[in-house]
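Undergrad: Based on what follows, work out the 3D shape:
(one chain, ligands or ions: 2)
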Amino acid sequence: MKSIQLGKSGLMVSEIGFGGIPIIPLSHEAGVDVVRHCHARGITFFDTANMYGNSEKMIGDALATVRKNVVIATKTTRRDKAGAAEHIALSLRNLKTDVIDLYQFHAVSKDEDLETILAPEGAMQAAREAVAAGKIRHVGLSSHKIEVALKACRTGQFETLQFPFNFIENEPAGELFKTARGQNMGIIGMKPLGGGLLQKAALCFKFLQQYPDVVPIPGISQTAEIDEIIALYDHRQPLSDKEKAEIEAIRAELGNKFCHRCGYCQPCAQGVAITEVMMFRSSARRLSPKVAAALSRKAMATVDLCSNCGECVEKCPYELDIPVLIRELKELHAALGA
Ligand code: SF4
Ligand code: SF4
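TA: Numbers count the residues shown, from 1 in each chain. Ligands and ions are numbered 1, 2, ... in the order given. The predicted model follows:
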C-alpha cells in the first residue's frame, strides 16, 4: 500500500483510508476485528466522528497497540468553543489516545456554521488551544456544499478538506479541489461508493485512481470489502472502454434519483425533512435495512406533509422530482418493515 501526504498537515497516510460509519451497527468485538483486519492489510488512516455511535470506541480499542503507526481522524458537529472542547475531551477518551492526529469540523455546509466556527469563542479556538496543549495535531473540515467548502478553503485555516467524491458526485474535481490544492490542503474523498448506492467497487476505485492526491475513505463493515478494494490497488488497471460506458449508463440511470445532500431544496414550508428522506436508499444499503429504517422513521413521517407545491424541485440544481422520490422512499421504508 502506497503512502501519501495529506497536504500541509504533513501527515503520511495509506492511499486508501477507513471510513468509520458502517461499523456502527456491529457488535463491539466484530467492529474491532474489522478495524484490525484493515490495519493488518496496510490501512493506516482511520476516520470516524463523535456522532458515529460506538465507532470511536471500536477504533480506539482496535488500534491501541499500534497507535503510533496509524493516523486517526475524528470530527465534531459543535460550532462553539465550549462544545468543541467538550467533544475533543470525549473523543480522546473514546479513542483511548493522548492526541488526535486530525480533528475536523463535521459537515460544515452552511455559511453561518463556518462563520461561527471561526468567530471569537468559536470551535476553532478550542481546536487551536487543543493543538497548543498537544491534544490535537492538525485541523480540517468536512462539508457537503461546494460554495461553503470553497470559502473555508480560501480562509487558509484548515489543513484538510473532506468532501463526497465518486463518479456520480464528481463536481469537486473542478474548482473545489483546485482551490484546496492551491492552499496545499490534504484532500479526503468521502463516500467513494456513493454512500452505498454504487455497487461496483472496480468502477468506483478505478475512477478514483485518476485522482492520486485524493484519499478515499470507503466505509467498511466486512473484511471482504477492504480485501476487494486493496486488490484493485495491488493490480491497478485503468478504466476500460466498457467500464467507461458502464459508468455513463449508471450516471444516466441514477442521475435523476441521486441526492447530492447539498440541501438547496430546504427548508420545506410544510416541514418535510427532504434530505433525510432522500438519503434513506443509501443508508439502507450502508447500514442494515432495519437500523436505517429505525433511524429514518421520524423523517419518513414528514413525507405525508408534502402538498406537492413543487418549490423544492425548482430549488434542486439536479432537477430531481423530489415529491415523487420521497413517496417512493416512504414505500421502500414501509417494505423494509419499519
Ligand atoms: S413539493 Fe412537498 S417536499 Fe417539496 S417543498 Fe413542496 S411540500 Fe415540501
Ligand atoms: S434533493 Fe436536490 S437540492 Fe435537495 S439535497 Fe438532494 S440534490 Fe440537493
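Undergrad: close enough to count as contact, Leu198 and Cys204?
TA: Yes. If you go by C-beta atoms under 8 Å, Leu198 and Cys204 touch, sitting 5.3 Å apart. Quick note: C-beta positions are derived from backbone N, CA and C, even for glycine.
Undergrad: Give the residues shared as contacts by those two.
TA: 166-167 (C-beta atoms under 8 Å, 6 or more residues apart in numbering).
Undergrad: So which residues of this structure form strands?
TA: 3-5, 12-14, 18-19, 45-47, 71-76, 100-105, 136-142, 160-164, 186-190, 214-216 (DSSP state E).
Undergrad: For Glu112, which of these is the nearest?
TA: Of all the strands of the chain, strand 100-105 sits nearest to Glu112, with 12.9 Å by C-beta to C-beta.
Undergrad: Tell me what angle that closest one forms with strand 136-142.
TA: 30 degrees (axes from the mean of the first three to the mean of the last three C-alpha atoms, to 10 degrees).
Undergrad: Figure out which of the strands of the chain is closest to ligand 1.
TA: strand 160-164 (22.5 Å; C-beta to the nearest ligand atom).
Undergrad: starting at the chain centroid, how far to the closest one?
TA: Strand 160-164 sits 8 Å away from the centroid of its parent chain (C-alpha atoms, centre = their mean, to the nearest Å).
Undergrad: can you check stretch 297-313 too?
TA: Distance, centroid of stretch 297-313 to centroid of chain: 25 Å (C-alpha atoms, centre = their mean).
Undergrad: does it come close to ligand 2?
TA: No. Interface with ligand 2: stretch 297-313 contributes nothing (C-beta under 6 Å from any ligand atom), its closest point being 6.6 Å away.
Undergrad: Quick one: check that stretch for contact with ligand 1.
TA: Yes. Using C-beta under 6 Å from any ligand atom, we find that stretch 297-313 touches ligand 1 at 306-312.
Undergrad: And that stretch, what's buried?
TA: Neighbour counts over stretch 297-313 (16 or more other C-beta atoms under 10 Å) mark 299-300, 302-303, 306, 312-313 as buried.
Undergrad: All set now, cheers.
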